[in-house]
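[1] Quick one: sequence and predicted model below, then my questions.
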Amino acid sequence: MFLDIWFLLIIGLANYPLQIRAEDEKKTCPAWTVFQLRDCGLVDFFRGWDDYVKGFGNPGDLWLGLESLHEMTKEGDMELKIEMITTDGIYWVARYSGFRIGPGSDKYRLLVSGFSGNASYDALQYWSSNQQFSTKDADHDDTLTINCASRHEGGWWFGRRCGSCNLNGNFNKTAYNGMWWGASSLRFSEMKIRKRFCLAGEI
Ligand SMILES: [Ca+2]
């Protein structure tokens, strides 16, 4: 009897932290904050620097703004989830366990890492991470001979050879003037962030 009680106690103590941890993860899993949405196509995204800094749009097509993004991510503890639908109707998720936007003095540089998901491939980290933000009137891209934001009709973190994705392109166009990820055109995108707590078990 004595041994049985101790056995149960030890088993109980061993399981207790695991149970608490699982419950805490459920309870503290924070809500996503959407900062980019292209759903209805009624808002022009081919805009200048000031608009991208301040934000624009409506509940169907929005850009929260670079200054807000910097404030929300400057502690370095946010994750990023991107949902996309291609023009062929394929649903993709691209997740990044690390997402941070630098200050305005560094042109809102993107730092992104830790790709997972079912999107065709990691089109964001390799080509756009560590790149400053560019708009048609503010060329900070990594392509000397081209204004990538003008060529691709939207503000983005364009990298070498303008990079490999732009979710802020023209909603009503396809290929590299539209919204694109790798070699695919998109008809929907949503980018959202939250504090890193709930990475396991969800794509
Ligand atoms: Ca350039």
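    Noted; the coordinates are in hand.
[2] Okay, helices next: where are they in this protein?
    Counting by DSSP state H, the chain has helices at residues 2-28, 49-54, 66-73, 125-128, 148-152.
[3] Packing partners of the second one?
    For helix 49-54, the contact count by 3 or more CB pairs under 8 Å, 6 or more residues apart in numbering; DSSP states H and E identifies helix 66-73 as packing neighbours. Placement of C-beta: from N, CA and C, glycine included.
[4] show me where the chain has strands.
    If DSSP state E is used as the criterion, the strands of the chain fall at 33-38, 56-58, 61-63, 78-86, 91-101, 110-117, 165-166, 180-181, 184-195.
[5] what does this structure put close to the ion?
    139, 141, 143 (CB under 5 Å from the ion).
[6] what number of residues lie near the second one?
    Look at residue 141: counted by other CB atoms under 10 Å, it has 25 neighbours.
[7] Same question for the last one.
    The burial metric for residue 143, expressed as a neighbour count using other CB under 10 Å, is 16.
[8] Please name the residues that touch it.
    By CB atoms under 8 Å, 6 or more residues apart in numbering, the contact set of residue 143 is 158-162.
[9] Give me the lowest-pLDDT entry from the residues of the chain next to the ion.
    Across the set of the residues of the chain next to the ion, residue 143 stands lowest in pLDDT, at 93.
[10] Which positions are bridged to residue 193 in the beta structure?
    residue 33, residue 80 (DSSP bridges).
[11] Chain neighbours aside, what residue packs nearest to residue 175?
    residue 185 (5.9 Å; CB to CB, 6 or more residues apart in numbering).
[12] hey, what's that neighbour bridged with?
    Bridge pairing for residue 185 - DSSP bridges - gives residue 180.
[13] Against residue 38, how distant is it?
    Per CB to CB, to the nearest Å, residue 185 is found 12 Å from residue 38.
[14] again with residue 134
    18 Å.
[15] repeat for residue 124
    15 Å.
[16] before we move on, what about residue 108?
    Taking CB to CB, one finds residue 108 at 19 Å from residue 38.
[17] ditto for residue 196
    Applying CB to CB to residue 196 and residue 38 gives a distance of 25 Å.
[18] Just want to know which of the two has more residues nearby.
    Remark: of residue 196 and residue 38, residue 38 carries more neighbours, 27 against 16, as counted by other CB under 10 Å.
[19] The strands of the chain into TSV, with extra columns for mean pLDDT and distance to residue 172?
    Converted to TSV, the strands of the chain look like this (pLDDT from 0 to 100; distance: least, CB to CB, whole Å):
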stretch	mean pLDDT	distance to residue 172
strand 33-38	98	11
strand 56-58	97	16
strand 61-63	97	12
strand 78-86	97	15
strand 91-101	97	21
strand 110-117	97	26
strand 165-166	98	15
strand 180-181	97	13
strand 184-195	97	10
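[20] Which of the ones you listed has the highest mean neighbour count?
    Mean neighbours per residue, mean count of other CB atoms under 10 Å, is largest over these for strand 165-166, with a mean of 30.
[21] contacts for that strand?
    The contact list for strand 165-166, computed with CB under 8 Å, 6+ apart, reads 123-124, 127-128, 152, 154, 156, 158, 176, 179-182.
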